[in-house]
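K.L.:
Sequence and predicted model, in that order:
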Amino acid sequence: MDKMPAWADAVLVPLISILLAAALSAIVILAIGEDPVAAFKLMVDGALMRSSGWGYTLYYTTNFIFTGLCVAVAFHASMFNIGGEGQAMIGGLGVALVCLFIPFPHWSVALLVATLAGAAFGAVWALIPSYLQAKRGSHIVITTIMFNFIAAAVLNYVLVNLLRPTGAMDPATAIFPQATHLPTFQDMFAPEGSRMFRGSPANVTFFIAVLACIGFWFLIWRTKLGYEIRAFGFSESAAKYAGISPVRITIVSMLISGGLAGLMALNTTMGEAERLVLNATEGAGFIGIAVALMGRSHPVGVFLAALLFGFLYQGGAELALWTNIPRELITVIQALVILFTGALDNMVRMPLERLFLAARRRDS
Amino acid sequence: MDFATLLQVLDSTVRLATPLLLACLAGLFSERSGIFDIGLEGKMLAAAFASAAVAAMTGSVWVGLLAGIVASLFMSGIHGLASITFRGNQLISGVAINFLASGLTVLIAQDWFGQGGRTPSLMGGGRFEPITLPFAEALRGVPVLGPVYAELISGHSILVYVAFLMVPLSWFILYRTRFGLRLRAVGEAPEAVDTAGVSVIGLRFAAVAICGLLCGLAGAYLATGLQAGFVREMTAGRGYIALAALIFAKWRPWYALSACLLFGLLQAVALRYQNIDLGGITIPVQVMDALPYILTVVILAGFVGKAIPPRAGGEPYVKER
């Protein structure tokens, strides 16, 4: 017998967790002598009340959709991929290599090839940890953490020693050729001469992220592979009994996961910076953990959670600009969301379950 | 490389290995009791900030050390609450703790000191001063052994000696006391410990508390011994290197010492030499940075020895009803 109706599990538990995280964040803001209500208003003003604010919010959202889906796919196979950060870094390398060395006639072709390259590079970076998990039983959490650091060292080496243009000081590649520059929201939606989305980095990659959400839903709930992934996630022994190969599912789901993380580089590297910089990922791989947990590993949930974090990121930047509250407030909120929706899930769930049971008993 | 340079590199190895060793032993206690802890980094960071902040305000490094331990214990408390009491996912809880420390330390530092997320530089009594061991100066003239004693063994701050003494102490606690036996048992077969009438929850909380204490020492050493004050993200991945060392050491105290010394040596060499020239082949500094992680993956893969974690690690204990 289910203790709770499905809607309560999908909506009520995350909602209460977010409210708890928000309340604690407000206390933190109060404790450093600022006004939480005013801070929230400022965040809404900066992130949602102007078109350029939306441009930034959706830019961050795009990153978080990719990394959120990356973590979510692994969650469905009951694995925890902490390596989204490293996979996105290496994905960025793939995107940068094709952008720099293939002369593209048009951005659409460039986008297509870069999508494949980013996904392939990200997937390759997830391959070794997944192989070790499947074949040698090394814990995927530890190996992906290690691979994050190895990725940072690889990227550092490549940028400093190989791809840095001669004479340049900062560890970054040259600017990509003009033909690979992706259209921004301003190019696409702003009427001639208007200031809509001016200067904001949101670009066509956002729609690829939305497509990825739809594709994710189709893959997980409408294909044989998705069924196998979920079956493996529920019970490894049952999946094995049903003839599903644990090795294959572990590796394939991690490849998809790494590929999704690699796609994030389209947005940051090709869409925004238009060159590969050392810190292109900016911790987005880790925010994917919060996004996937909050979104309950469902694409709609991931999309909404990514939007919330996009808002928090842009709003946090506004706060840092206008008040004495540093950007790290967002890190605290992120930590609280991970804590309440992930680790302290039972703290919220147990009393709720008791409540629903009591209500049902009264009804009957 | 001459003798004096070698001594300097080894000296800095000892210094750099100290926080790794303390954090590694912290993880050892926690993971041996069945509680995975990837939040070592966060606890160290919280302790580093608290100790530097309080030492800067009171001028006493000892009060600072105490504050660091309290901060680290607080983080441990959250981890225990999430992973023992509410039977949540220990890995996710660890991730949350790392971010919580990373955000809160800068937030509070900015509020208290207004220096862009750092504490003022510590001076005088606010730092752990190097201790000169007896006869260090007198024996300096003795060939080879004299300089080794004076440079390498003498002249570190008290926490370095504490860290190295923690190795035999941890071994003794884990392998020669009743508490240690139970602690190791609870990480392998908690149901057996429960059947024997010993509290699984109590033991695990004790282990998590020891972990917090040791991480507190590690963080305090970073901010008040190794450096003079707190800067943002000053742990710089040391918590993860300690985790790597723990796996490298196969969850054993003496192996932990050698693993931490090895990783400390790698750090010391990377710090001193940018690129190493080995007879025509240049090893870039990035290889040195990545080597601890690569070695750990190789060990984890079981190609060189096999690292087997405690059997009940990562699983919350549910009493049968």
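P.N.:
Looks like it arrived, so ask away.
K.L.:
so B:S72 makes contact with B:L213?
P.N.:
Yes - contact status for B:S72 versus B:L213: in contact at 7.2 Å, counting by C-beta atoms under 8 Å. Using the backbone N, CA and C atoms, a C-beta is placed for each residue, glycine as well.
K.L.:
Pick out whichever of those two has more residues nearby.
P.N.:
Regarding B:S72 and B:L213, a neighbour count based on other C-beta atoms under 10 Å in any protein chain shown identifies B:S72 as having more, with 33 against 20.
K.L.:
What's the mean pLDDT across stretch B:183-197?
P.N.:
The average pLDDT for stretch B:183-197 rounds to 91.
K.L.:
try stretch A:285-298
P.N.:
With pLDDT averaged residue by residue, stretch A:285-298 scores 89.
K.L.:
Distance from that stretch to the middle of the chain?
P.N.:
Offset of stretch A:285-298 from its chain centre (C-alpha atoms, centre = their mean, to the nearest Å): 7 Å.
K.L.:
Kindly report the same for stretch A:78-97.
P.N.:
Relative to its chain's centre, stretch A:78-97 lies at 11 Å (C-alpha atoms, centre = their mean).
K.L.:
show me where pLDDT drops low in the chain?
P.N.:
No chain in the question, so chain A it is. Within chain A, the ranges that satisfy pLDDT under 70 run A:1-3.
K.L.:
Sorry, I should have been clearer: chain B.
P.N.:
The model of chain B has pLDDT under 70 over residues B:1, B:274-280, B:304-307, B:320-321.
K.L.:
The same query, at a cut-off of 50, please.
P.N.:
Scanning chain B for pLDDT under 50 picks out nothing.
K.L.:
That one: helices as residue ranges?
P.N.:
Here chain B has its helices, by DSSP state H, at B:3-32, B:40-58, B:61-80, B:90-113, B:145-147, B:158-176, B:178-188, B:190-195, B:200-221, B:238-248, B:253-272, B:285-300.
K.L.:
What are the contacting residues of the shortest one?
P.N.:
Spelled out, that is helix B:145-147. With contact meaning C-beta atoms under 8 Å, 6 or more residues apart in numbering or on different chains, helix B:145-147 is reached by B:3-4, B:7, B:139-140.
K.L.:
sorry, back to before: kindly compare burial across the helices of chain B and name the winner.
P.N.:
Looking across those with neighbours counted as mean count of other C-beta atoms under 10 Å in any protein chain shown, the highest average goes to helix B:40-58: a mean of 30.
K.L.:
so how far is that helix from its chain's centroid?
P.N.:
Distance, stretch centre to chain centre, for helix B:40-58: 14 Å (C-alpha atoms, centre = their mean).
K.L.:
Also stretch B:83-102?
P.N.:
Distance of stretch B:83-102 from the chain centroid (C-alpha atoms, centre = their mean) equals 18 Å.
K.L.:
And for stretch B:192-211?
P.N.:
Stretch B:192-211 sits 22 Å away from the centroid of its parent chain (C-alpha atoms, centre = their mean).
K.L.:
again with stretch A:270-287
P.N.:
Taking mean C-alpha positions (C-alpha atoms, centre = their mean), stretch A:270-287 and its chain are 12 Å apart.
K.L.:
again, but for stretch A:131-150
P.N.:
Using C-alpha atoms, centre = their mean, the distance from the centre of stretch A:131-150 to the centre of the chain it belongs to is 20 Å.
K.L.:
buried residues in it?
P.N.:
Judged by neighbour count using 16 or more other C-beta atoms under 10 Å in any protein chain shown, the buried positions of stretch A:131-150 are A:131-134, A:138-150.
K.L.:
Can you tell me which of those end up in helices?
P.N.:
Checking the buried residues of stretch A:131-150 against DSSP H, those in helices are A:131, A:140-150.
K.L.:
hmm, who's touching the one helix or strand A:S237 maps to?
P.N.:
In the assignment (DSSP states H and E), A:S237 maps to helix A:236-241. Where contact means C-beta under 8 Å, 6+ apart, the residues beyond helix A:236-241 that reach it are A:78, A:228, A:231-232, A:246, A:249.
K.L.:
Check stretch A:100-108 too.
P.N.:
Against stretch A:100-108 from outside (C-beta under 8 Å, 6+ apart): A:110, A:113, A:163, A:173-174, A:176-177, A:179-183.
K.L.:
What residues sit buried inside that stretch?
P.N.:
Neighbour-count burial for stretch A:100-108, counted by 16+ other C-beta under 10 Å, picks out A:100, A:104, A:107.
K.L.:
Same check on stretch A:270-285?
P.N.:
For stretch A:270-285, a neighbour-count test (16+ other C-beta under 10 Å) marks A:270-277, A:280-281, A:283-285 as buried.
K.L.:
Now do it: distance from first to last residue.
P.N.:
17 Å (C-alpha to C-alpha, to the nearest Å).
K.L.:
Please see if that stretch touches chain B.
P.N.:
No - judged by C-beta under 8 Å from any C-beta of the partner chain, stretch A:270-285 stays clear of chain B, getting no closer than 8.9 Å.
K.L.:
for stretch A:339-349, same thing?
P.N.:
Yes - residues of stretch A:339-349 are located near chain B by C-beta under 8 Å from any C-beta, namely A:339, A:342-347.
K.L.:
want to throw the residues you listed into CSV with secondary structure and neighbour count?
P.N.:
Formatted as CSV, the residues of stretch A:339-349 next to chain B follow (DSSP: H, G, I helix; E, B strand; the rest coil; neighbours: other C-beta atoms under 10 Å in any protein chain shown):
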residue, secondary structure, neighbour count
A:L339, helix, 30
A:G342, helix, 23
A:A343, helix, 27
A:L344, coil, 25
A:D345, helix, 21
A:N346, helix, 16
A:M347, helix, 19
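K.L.:
Those residues of the stretch 201-321 of chain B touching chain A, which are they?
P.N.:
For the stretch 201-321 of chain B, the contact set with chain A under C-beta under 8 Å from any C-beta comprises B:237, B:240, B:243-244, B:247, B:284, B:286-287, B:289-290, B:293-294, B:296-297, B:300-302, B:309.
K.L.:
The nearest residue to A:V277 once chain neighbours are set aside and chain B: what is the separation?
P.N.:
Nearest non-adjacent residue to A:V277, counting by C-beta to C-beta, 6 or more residues apart in numbering or on different chains: A:A172, 4.5 Å away. Look at A:A172 and chain B: by C-beta to the nearest C-beta, to the nearest Å, they are 16 Å apart.
K.L.:
do A:L69 as well
P.N.:
Separation of A:L69 from chain B (C-beta to the nearest C-beta): 18 Å.
K.L.:
what separates the helix or strand hosting that residue from the chain centre, distance-wise?
P.N.:
Following DSSP H and E, one finds A:L69 within helix A:51-76. Using C-alpha atoms, centre = their mean, the distance from the centre of helix A:51-76 to the centre of the chain it belongs to is 5 Å.
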